[in-house]
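> based on what follows, work out the 3D shape:
(one chain, ligands or ions: 1)
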Amino acid sequence: MIELQGLTKRYGDKTAVDNLTFTVRPGVVTGFLGPNGAGKSTTMRMMLGLDNPTAGNVRIDGKHYAQLSEPLKYIGALLDAKAIHGGRTAYNHLLCLAQSNRIPRHRVDEVLDTVGLTAVAKKRSKGFSLGMGQRLGIAGALLGDPEILMFDEPVNGLDPEGIHWIRNLMKGLAAQGRTVFVSSHLMSEMALTAEHLIVIGRGRLMADTSMAEFIEKNSRSYVRIRTPQPERLKDVLTAAGFTPVTTSDGTFEIQDGDAAQLGELAAQHQLVLHELSPQRASLEEAFMQLTAESVEYHAGGVAPPPGIDGGAAGMPQAAGQQAPQQQWGAQWRDSGTGKGK
Ligand SMILES: Nc1ncnc2c1ncn2[C@@H]1O[C@H](COP(=O)(O)OP(=O)(O)OP(=O)(O)O)[C@@H](O)[C@H]1O
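Alright, predicted model coming up:
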């Protein structure tokens, strides 16, 4: 278990991590999300005693990292895969780590096998690809067979097979009852891997909740309808009290009805439907809604036209409706889960 209490880090007048309090529990993969510059790496570095907090503290199974006598046996971490002595072979890199933590030599062979690097164990790591470097970093994290594992962007540079492998590895470690804490910018991957989420923005806690609840609270659901008779359908829906929103590709989106109800209504009026599908936003959309106001680094350029991209800028909007971005952010904060800004 990892426990953060009021964890804060300031660099001059910049507050990188702002009074974070949360617990990462064993048995599930916990995802750590936040826009660029939100403070994820700084938080992870403080968890590992690599940075000193300005205030607050982190406990690893009740102890500060510095109090752990052989830390690799308690917590294994992949922070920066490039932070490896390139002149050493993969085997020697792991052997040095093992010897400094009184870990038996045979573990080196075991973890090399686990991450699929046995064939290149005697090669210097400076010749490794990004993906191979990630695997070596993961081998280092697993070396001490720790109960707690922490991975910062573990799928960086991995090919689809590698991504699949690390996903199963993390789930397997959690299923063994270990604590697994992982950051990633790949939302689709996070949605498949993590059961619990911690979301931060500008250093502050924005959500500490299950994946299912996070998506439920931060996204809208609606029914999408496609018909070759759009004018008639629109009239029927409007007369029945629904608020159909037309998207740029000619489909309708209805937020205030369910698929069965809408399908029956269409049948009563002998309307042909080519699509009738309930939709729920993705983790990516939910994340963008929640963190929209806390994104520090925006790209320039042109917003996508309505209906493109599925992001906030692309959400269709009925006349007179409040912008979804404001609505959803407010809804989330009003629910009381938010720690507020
Ligand atoms: N050593 C430092 N000195 C000054 N500012 C720093 C330092 N390290 C981090 N920061 C600042 O603290 C903030 C948080 O940075 P951090 O790297 O923790 O964010 P992050 O969430 O990991 O970002 P990313 O997703 O881009 O990796 C950023 O604004 C960053 O510029």
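> in the host helix or strand of residue 107, what's buried?
Per DSSP states H and E: residue 107 is located in helix 106-115. By 16 or more other C-beta atoms under 10 Å, the buried positions in helix 106-115 come out as 107-108, 111-112, 114-115. Using the backbone N, CA and C atoms, a C-beta is placed for each residue, glycine as well.
> could you check the angle helix 106-115 makes with the helix or strand just after it?
Using DSSP H and E, the helix or strand that directly follows helix 106-115 along the chain is helix 130-142. Relative orientation of helix 130-142 versus helix 106-115 (axes from the mean of the first three to the mean of the last three C-alpha atoms, to 10 degrees): 140 degrees.
> from the buried residues of helix 106-115, which is closest to residue 88?
residue 108 (12.3 Å; C-beta to C-beta).
> thought residue 98 was touching that closest one, still the case?
Yes: counting by C-beta atoms under 8 Å, residue 108 does reach residue 98; the two are 5.5 Å apart.
> what's the overlap in contacts for those two?
Applying C-beta atoms under 8 Å, 6 or more residues apart in numbering, one finds that residue 108 and residue 98 are jointly contacted by residue 143.
> the stretch 151-300 of the chain: helices as residue ranges?
For the stretch 151-300 of the chain, applying DSSP state H, counting those that start in this stretch gives helices covering 160-175, 187-193, 211-218, 230-239, 259-268, 283-291.
> if we can go back for a sec, nearest to the ligand, of the buried residues of helix 106-115?
The ligand lies nearest to residue 115 out of those, by C-beta to the nearest ligand atom, at 23.2 Å.
> rewinding a little: among the helices of the stretch 151-300 of the chain, which comes closest to residue 224?
helix 259-268 (9.2 Å).
> tell me the mean pLDDT for the closest one?
Helix 259-268 shows a mean pLDDT of 95.
> please apply the same query to stretch 62-71.
Here the average pLDDT along stretch 62-71 is 88.
> over to stretch 205-216?
Computed over stretch 205-216, the average pLDDT equals 89.
> report the buried residues of that stretch.
Neighbour-count burial for stretch 205-216 [16+ other C-beta under 10 Å]: 205-209, 211, 214-215.
> dump the buried residues of helix 106-115 to TSV, plus distance to the ligand and pLDDT.
Compiled in TSV, the buried residues of helix 106-115 are given as follows (distance: C-beta to the nearest ligand atom, whole Å; pLDDT from 0 to 100):
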residue	distance to the ligand	pLDDT
107	30	94
108	30	96
111	26	95
112	28	95
114	27	92
115	23	92
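> okay if I get those as CSV plus distance to residue 192?
Output for the buried residues of helix 106-115, formatted as CSV (distance: C-beta to C-beta, whole Å):
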residue, distance to residue 192
107, 29
108, 30
111, 24
112, 26
114, 21
115, 20
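> can you name the residues of the protein that neighbour the ligand?
11, 14, 16, 34, 36-42 (C-beta under 6 Å from any ligand atom).
> in PyMOL, how would I select just the buried ones from these?
Of the residues of the chain next to the ligand, the buried ones can be selected in PyMOL as follows, counting by 16+ other C-beta under 10 Å:
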select buried, resi 16+34+37+38+39+40+41+42
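> hang on, the earlier thing: and the helices of the stretch 151-300 of the chain, which one is worst for confidence?
Among the helices of the stretch 151-300 of the chain, helix 283-291 carries the lowest mean pLDDT, at a mean of 79.
> this protein - how does it break down into domains?
2-74+146-216, 221-280 (automatic domain parsing).
> most packed of the ones you listed?
domain 2-74+146-216 (a mean of 19; mean count of other C-beta atoms under 10 Å).
> now do it: distance to the chain's middle.
Relative to its chain's centre, domain 2-74+146-216 lies at 10 Å (C-alpha atoms, centre = their mean, to the nearest Å).
> nearest to residue 279 among the residues of the chain next to the ligand?
So of the residues of the chain next to the ligand, ranked by how close each gets to residue 279 (C-beta to C-beta), first place is residue 34, at 26.0 Å.
> let me see the contact set for the closest one.
Neighbours of residue 34 in contact, by C-beta under 8 Å, 6+ apart: 40, 183, 199-201, 206, 291, 294.
> okay, and which of the residues you listed map to strands?
Among these, the members found in strands (DSSP state E) are 183, 199-201, 206.
> now render those as a markdown table, adding distance to residue 58.
Putting the ones in strands among the contacts of residue 34 into a markdown table (distance: C-beta to C-beta, whole Å) gives the following:
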| residue | distance to residue 58 |
| --- | --- |
| 183 | 15 |
| 199 | 18 |
| 200 | 14 |
| 201 | 20 |
| 206 | 19 |
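> tell me the angle of the helix holding residue 107 relative to helix 160-175?
Using the same axes, to 10 degrees: helix 106-115 against helix 160-175 is 130 degrees.
> picking up where we left off before, now distance to residue 244 too, for the buried residues of stretch 205-216, in JSON lines please.
Below are these laid out as JSON lines (distance: C-beta to C-beta, whole Å):
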{"residue": "205", "distance to residue 244": "38"}
{"residue": "206", "distance to residue 244": "33"}
{"residue": "207", "distance to residue 244": "31"}
{"residue": "208", "distance to residue 244": "37"}
{"residue": "209", "distance to residue 244": "32"}
{"residue": "211", "distance to residue 244": "31"}
{"residue": "214", "distance to residue 244": "28"}
{"residue": "215", "distance to residue 244": "24"}
